[in-house]
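Visitor: Using only what follows, build the 3D model:
(one chain, ligands or ions: 2)
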Amino acid sequence: MRLLITGGAGFIGSNFIFHLRAVRPDWTLLCVDKLTYAGNLATLDSVRDDPHFRFFRADITDETAMRGIFETERPDAVVNFAAESHVDRSIEDPGIFLRTNVLGVQTLLDVCRSCGVSRFHQVSTDEVYGDLPLDRPDLRFTEESPLRPSSPYAASKAAADLLCGAYRRTYGLHVTLSRCSNNYGPFQFPEKLIPLMLANALADQPLPVYGTGENVRDWLYVDDHCAAIRLILEKGEAGAVYNIGGHGELSNLALVRRLLALVGKSESLITHVGDRKGHDLRYAIDPVLLEKTLGWRPAVSLDEGLAKTVAWYLEHRLWWETIRSGAYLSYYERMYGNRPAPDRHFDGGL
Ligand code: NAD
Ligand code: DAU
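Guide: Ligands and ions are numbered 1, 2, ... in the order given. You can find the predicted model right below:
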C-alpha cells in the first residue's frame, strides 16, 4: 500500500502516521503538508529517516503541486486530514477555511480522478451536525442526523462532506467519510482546550473558560480515532459515512477541574471569559454503525487517556513551549533552507 496522508504534520495526521508505522510497517506513507502555523515538522522527527516515509511540503489547493506528487508517487489511496481546524479562528477569518477545507478537497478529488486513485477517505467532524440540547442526554448524533453546522469551520467541513458524496455518485470514486468527536492526546496544538489549559496551569496562568463552562464535548483519545480510520480505509463500504466517538462526554468545566487535579494546581486559576460566538452546547456521538459493521471499540478510557496526555505534556515541554514562543515556525527553514534542491519536478519535496 502506498498511502498519501495530507495534514500529517498536524495533531491527528501525525498520530495516524505513528499508528500506521506501528501496525502496518510495510506501508509506504507519503505525507503532504503545507506547514501552516498548525503544522510542525519537528513532530515528525521520529519517522523522518524511515525509508518507507516521505514528506512533501505542499498546499492541497495547489493543483499543479498535487498533480506532480500524485504522478511521481502513484499513491493507491488518500486520507485527507489537511484542514484549518480551529473554530475560534474561523470566526475571525472564514475565508481560509473555505479555501483549504472546501476547495482543497475539491482539488484532491479531481486529482484522484485524473490520476486514477479511486480510494479517498475524508476526515470530517461531528461539528457538521450542529449541537444537541444540554437537557436531553438521551439524544446523540447518528449518521442520519441533519447537517446543521454552527461555525464557519463546521460549515466548511459540511460542504466538503457533500462534495465527497457528489464525487462518489457522479464519478464512482470509492469515497468514505468519518465524523469524529473531540480528540485529545500527544502533539495537539496548544490553542485547543486541553493543551491550552495544561500549558496555562503549568505556568500558573488563568484558565479561560468560555461562558458558563457547561458546554459538553465527547472526548476520544487520538489513537482510537486513528485505529477507526485505518479500519474504514481497509474495510469500509464505498460511499459510507461513519461516526466515531467514545462515549466520553464531559462539560468543559468538569474537564478543566480534572486537568487541574492531575497537575496538582488550584481551581482558583479558572477564569470565566466571554463566550464563543454561536457556541455549540453539546456534542454526543452514536458510533454504533462502526462498532457493528467494522468491530471498532475505543481501547483507551477517558481516565486513562487524560492521565497519558498529561504525562505526555509534562515530558514534552520543549515541544509545546517552542510552539508557544513561536520559535517552531523557523524550524523548517533551519532544517531544510540550505539543502540542495530535491530531485523531483514539483516544489517543496524533500
Ligand atoms: P491540525 O490543525 O492540528 O492540523 C492540520 C494540518 O493540516 C496541519 O499540519 C497544517 O499544516 C495542515 N494544512 C492546513 N492547511 C493545509 C493546506 N492548504 N494544504 C496542506 N496542508 C494543510 O488539525 P487536527 O486537529 O489534526 O485535525 C485534522 C483533521 O481532523 C481536520 O480535517 C479536522 O477537521 C478533523 N477533526 C479534528 C478533530 C479534533 O478534535 N482535532 C475531531 C474531528 C475531526
Ligand atoms: O468536535 C470535533 C471538533 O473538536 C473538531 O472538528 C475541531 O477541529 C476541534 O478543534 C474541536 O473543536 P472544539 O471547538 O470543540 O474544540 P476547542 O478545543 O476549541 O474547544 C473545546 C471546548 O472548550 C469548546 O466548548 C470551547 C471551549 N474552550 C476552548 C478554548 C480554546 C474554552 O472554554 N476555552 C478555551 O480557551
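
Visitor: use CA for all of it now, contacts and neighbours both
Guide: Fine.

Visitor: Might you list the low-confidence residue ranges for this protein?
Guide: Along the chain, the model assigns pLDDT under 70 to residues 331-350.

Visitor: can you map out the strands along it?
Guide: 2-6, 28-33, 53-57, 77-80, 119-125, 174-180, 182-184, 207-210, 216-221, 241-244, 249-251, 270-273 (DSSP state E).

Visitor: could those be laid out in CSV, adding distance to ligand 2 and mean neighbour count?
Guide: Shown next, in CSV, are those (distance: least, Cα to the nearest ligand atom, whole Å; neighbours: other Cα atoms under 10 Å):
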stretch, distance to ligand 2, mean neighbour count
strand 2-6, 15, 23
strand 28-33, 16, 24
strand 53-57, 21, 20
strand 77-80, 13, 23
strand 119-125, 5, 23
strand 174-180, 6, 25
strand 182-184, 4, 22
strand 207-210, 4, 20
strand 216-221, 6, 24
strand 241-244, 10, 26
strand 249-251, 8, 19
strand 270-273, 8, 15
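
Visitor: Adding distance to Ala199, write those strands out as JSON lines.
Guide: As requested, the strands of the chain are exported to JSON lines (distance: least, Cα to Cα, whole Å):
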{"stretch": "strand 2-6", "distance to Ala199": "28"}
{"stretch": "strand 28-33", "distance to Ala199": "26"}
{"stretch": "strand 53-57", "distance to Ala199": "29"}
{"stretch": "strand 77-80", "distance to Ala199": "29"}
{"stretch": "strand 119-125", "distance to Ala199": "25"}
{"stretch": "strand 174-180", "distance to Ala199": "25"}
{"stretch": "strand 182-184", "distance to Ala199": "14"}
{"stretch": "strand 207-210", "distance to Ala199": "9"}
{"stretch": "strand 216-221", "distance to Ala199": "19"}
{"stretch": "strand 241-244", "distance to Ala199": "28"}
{"stretch": "strand 249-251", "distance to Ala199": "19"}
{"stretch": "strand 270-273", "distance to Ala199": "13"}
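
Visitor: ok, whichever residue of the stretch 1-150 of the chain sits closest to ligand 2 - how many residues close by?
Guide: Proximity of the stretch 1-150 of the chain to ligand 2 (Cα to the nearest ligand atom) peaks at Ser85, 4.0 Å away. By other Cα atoms under 10 Å, 18 other residues sit near Ser85.

Visitor: For the closest residue in space to it that isn't next to it in sequence, give me its contacts.
Guide: Closest residue in space to Ser85, ignoring its immediate chain neighbours: Tyr153 at 6.9 Å, by Cα to Cα, 6 or more residues apart in numbering. For Tyr153, the contact set (Cα atoms under 8 Å, 6 or more residues apart in numbering) comprises 84-87, 90-91, 94, 97.
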